[in-house]
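In: missing the sequence, but the structure's below:
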């Protein structure tokens, strides 16, 4: 197998692109692909200050690596979720990556304010991934504000986007479909836009990049992901990709080109900018933003639990 | 396991409906479900004369059985595709079903006019399923006209519809999505509407109905279906249905309720009624309808082949 680009022996085969690459040409291919996504979707420019949301996994660290080595101004932001050893190891990977490359990293630990994911789940009985999503959105927005960033970049890859698209389509979640884009414009002037530079880069490609660039990342999946329908969607998309390489990229790309606009609300129907959250002062569409509603729910449930436990102990 | 309806021992379990039924209650459930689809989607009324397109498989014969036993006026129409023993057996099943129930059946054999599917495929190199679709549309429309029917009913079941929907969504075929409905209105006044009364009835349910009603049907799949992506889509939907019963029904139903309208073209953009085919006199949007174009292509290719073979023989 020869490299499609330079004819030297190839190290990696990409069926979806009907190509094979040697190490140098793969890195060139990967970086060019990310650069094109950034430019084509007008994600950010050279003068932007980019908050890179890093989990410690291969995708977000690969993204940070590409952006930093391309000379973009980045600040890493890691939200420590408090999910036992998994979160501990994730944080360490982010910290050692930042240190090794001399990059700025900001870490916020949920446990410090009694909001570790397992505690929230046990208090509210909400699905972990849903609570985690609400919390991440809040802290990413808040960190971008605090750290003076113009844009938030996340490591969502093609497999993530295809699986999310399939889930949205299986339930015809038209509101989510309207907002599933590589660039999500903020709903309020205080927020910054969110971008996904890896949205056309497969999980296999980011893993290969991370391997070639010797990035030390957390390999294990989040323990809460077990049984999540997202993994089921990924499995069936893998099956279709296997029979027909390029299925995932076509699904996501054609959605952007042809499908997406079908779900766009007319300008007059779009939600307006809303008000300010009475809890945290961030923009909100009700009295409280969804994060502060969740936090209030946690506080209420924990207080109830303490009250119902206390009498048996004291009486 | 007890029958959800009458508490007698159940014979069949339907996970998607979280129900189990004895034989009598299953038949009641199945027939009511089909009746509701017919009424809810305004497919036809008691006075309609319905052309039931029967292939000899379980779905179309189950449909004919339900409609005839509910007292609807039906005419069976079987298009003999000329695919060897498979087509022979399919035709026999339709004929014996019609005879057993004293129902009117019209049969048209493609081989009689040199248009058997294998010959078309060999002459044009078109994919079999695509050529077959064009031909079926033509003969179903023509038969409805000739036999004075108001509506064409086909046996497409939930699994067929879900797989087709998935295929259309994976490629974001917005035009096909706009037309994927349980009732397809004709594009020309000469044509009649096409309806799918089994569109919310799963393959498993129609197979169970056919078994319970002792319908003798062709079990084998069309030999041309091997390797068709439709089968892949069915397999992945089966997997999702298995983890989360009701996935297929939700996918198709929610599409009708929420998704479908996103793809509807504004009234002004809809294709107008077009003209008449110079070949067969049926409505067409070009000079020739797609069936007559296909037929002309077959004739042309066969003539070329004869010419290129003849000299060697005669000279």
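Out: In hand now; what should we look at? This one's a predicted model, so the numbers in the text were calculated from it and none came from an experiment.
In: pull out the buried positions in the longest strand seen in chain A.
Out: Ordering each strand of chain A by length in residues (DSSP state E) puts strand A:73-80 first. Judged by neighbour count using 16 or more other Cβ atoms under 10 Å in any protein chain shown, the buried positions of strand A:73-80 are A:74-80. Every residue, glycine included, has its C-beta placed from N, CA and C.
In: need the residues you listed in JSON lines (columns: pLDDT and distance to chain B).
Out: Formatted as JSON lines, these follow (pLDDT from 0 to 100; distance: Cβ to the nearest Cβ, whole Å):
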{"residue": "A:74", "pLDDT": "98", "distance to chain B": "33"}
{"residue": "A:75", "pLDDT": "98", "distance to chain B": "36"}
{"residue": "A:76", "pLDDT": "98", "distance to chain B": "35"}
{"residue": "A:77", "pLDDT": "98", "distance to chain B": "34"}
{"residue": "A:78", "pLDDT": "98", "distance to chain B": "32"}
{"residue": "A:79", "pLDDT": "97", "distance to chain B": "30"}
{"residue": "A:80", "pLDDT": "96", "distance to chain B": "31"}
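In: what strands flank the longest strand of chain A, and is each parallel or antiparallel?
Out: Next to strand A:73-80 in the sheet, as set by DSSP bridges, lie strand A:49-53 (parallel), strand A:105-109 (parallel).
In: deepest in the core, which of those strands is it.
Out: Greatest average neighbour count among these goes to strand A:49-53 (a mean of 24), per mean count of other Cβ atoms under 10 Å in any protein chain shown.
In: mean confidence score for that strand?
Out: For strand A:49-53, the mean per-residue pLDDT is 98.
In: other residues contacting it?
Out: Here strand A:49-53 makes contact (Cβ atoms under 8 Å, 6 or more residues apart in numbering or on different chains) with A:44, A:60, A:63-64, A:67, A:72-79, A:136, A:140, A:143-144, A:147-155, A:192.
In: which among these end up buried?
Out: Buried subset of the contacts of strand A:49-53 (neighbour count, 16+ other Cβ under 10 Å): A:44, A:60, A:63-64, A:67, A:72, A:74-79, A:136, A:140, A:143-144, A:149, A:151-155, A:192.
In: now for the buried residues of strand A:73-80: which two are most distant?
Out: Pairwise distances across these (Cβ to Cβ) peak at 19.1 Å, for the pair A:74 and A:80.
In: contact residues of chain A facing chain B?
Out: Contact residues (Cβ under 8 Å from any Cβ of the partner chain) of chain A with chain B: A:169-172, A:174, A:229, A:232-233, A:235-236, A:239-240, A:243-244, A:247, A:250-251, A:254-255, A:257-259, A:262-263.
In: in ChimeraX, select just the buried ones from those.
Out: Applied in ChimeraX, the following selects the buried portion of those according to 16+ other Cβ under 10 Å:
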select /A:169,170,171,172,174,229,232,233,236,240,247,250,251,254,255,258,259,262,263
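In: out of the residues of chain A next to chain B, which are inside helices?
Out: Under the assignment DSSP state H, those contribute A:169-170, A:174, A:229, A:232-233, A:235-236, A:239-240, A:243, A:247, A:250-251, A:254 to helices.
In: closest residue of the stretch 51-200 of chain A to chain B?
Out: residue A:172 (3.9 Å; Cβ to the nearest Cβ).
In: is it true that that residue touches residue B:254?
Out: Yes: contact criterion Cβ atoms under 8 Å: residue A:172 and residue B:254 qualify, at 3.9 Å.
In: how about the contacts made by residue A:146?
Out: Neighbours of residue A:146 in contact, by Cβ under 8 Å, 6+ apart: none.
In: please, where are all the helices along the stretch 101-250 of chain A?
Out: For the stretch 101-250 of chain A, applying DSSP state H, counting those that start in this stretch gives helices covering A:117-124, A:128-146, A:158-170, A:174-179, A:203-212, A:229-243, A:247-254.
In: which of these has the highest mean neighbour count?
Out: Among those, ranked by average contacts under mean count of other Cβ under 10 Å, first place goes to helix A:158-170 (a mean of 23).
In: and it, how far out from the chain's middle?
Out: Centroid separation for helix A:158-170 versus its chain: 13 Å, with Cα atoms, centre = their mean, to the nearest Å.
In: now that helix: average pLDDT?
Out: Averaged over helix A:158-170, pLDDT sits at 97.
In: what about the strands paired with strand A:73-80, which gets the closest to residue B:178?
Out: Closest to residue B:178 of the strands paired with strand A:73-80, according to Cβ to Cβ: strand A:49-53, at 37.8 Å.
In: distance between the closest one and the chain's centre?
Out: Relative to its parent chain, strand A:49-53 has a centroid offset of 12 Å by Cα atoms, centre = their mean.
In: over to stretch A:241-258?
Out: Relative to its chain's centre, stretch A:241-258 lies at 20 Å (Cα atoms, centre = their mean).
In: please apply the same query to stretch A:133-142.
Out: Mean-position distance between stretch A:133-142 and its chain equals 11 Å (Cα atoms, centre = their mean).
In: what residues does that stretch touch?
Out: For stretch A:133-142, contacts defined as Cβ under 8 Å, 6+ apart pick out A:51, A:53, A:77, A:79, A:108, A:110, A:115, A:117, A:120, A:152, A:154, A:191-192, A:194, A:280, A:282, A:289-291, A:294.
In: do that again at 7 Å, thanks
Out: With contact meaning Cβ atoms under 7 Å, 6 or more residues apart in numbering or on different chains, stretch A:133-142 is reached by A:53, A:77, A:79, A:108, A:110, A:115, A:152, A:191, A:282, A:289-291, A:294.
In: pLDDT below threshold where in chain A?
Out: Across chain A, the ranges flagged by pLDDT under 70 are A:265-273, A:308-315.
In: domains for it, by residue range?
Out: Domain ranges of chain A: A:31-273, A:276-308, per automatic domain parsing.
In: residues contacting residue A:224?
Out: By Cβ under 7 Å, 6+ apart, residue A:224 lies in contact with A:83, A:128-129.
In: run the last query once more with 6 Å
Out: Contacts for residue A:224 (Cβ atoms under 6 Å, 6 or more residues apart in numbering or on different chains) come out as residue A:128.
In: what do you get for residue A:3?
Out: With contact set as Cβ under 6 Å, 6+ apart, residue A:3 has these partners: A:10, A:21-22, A:25.
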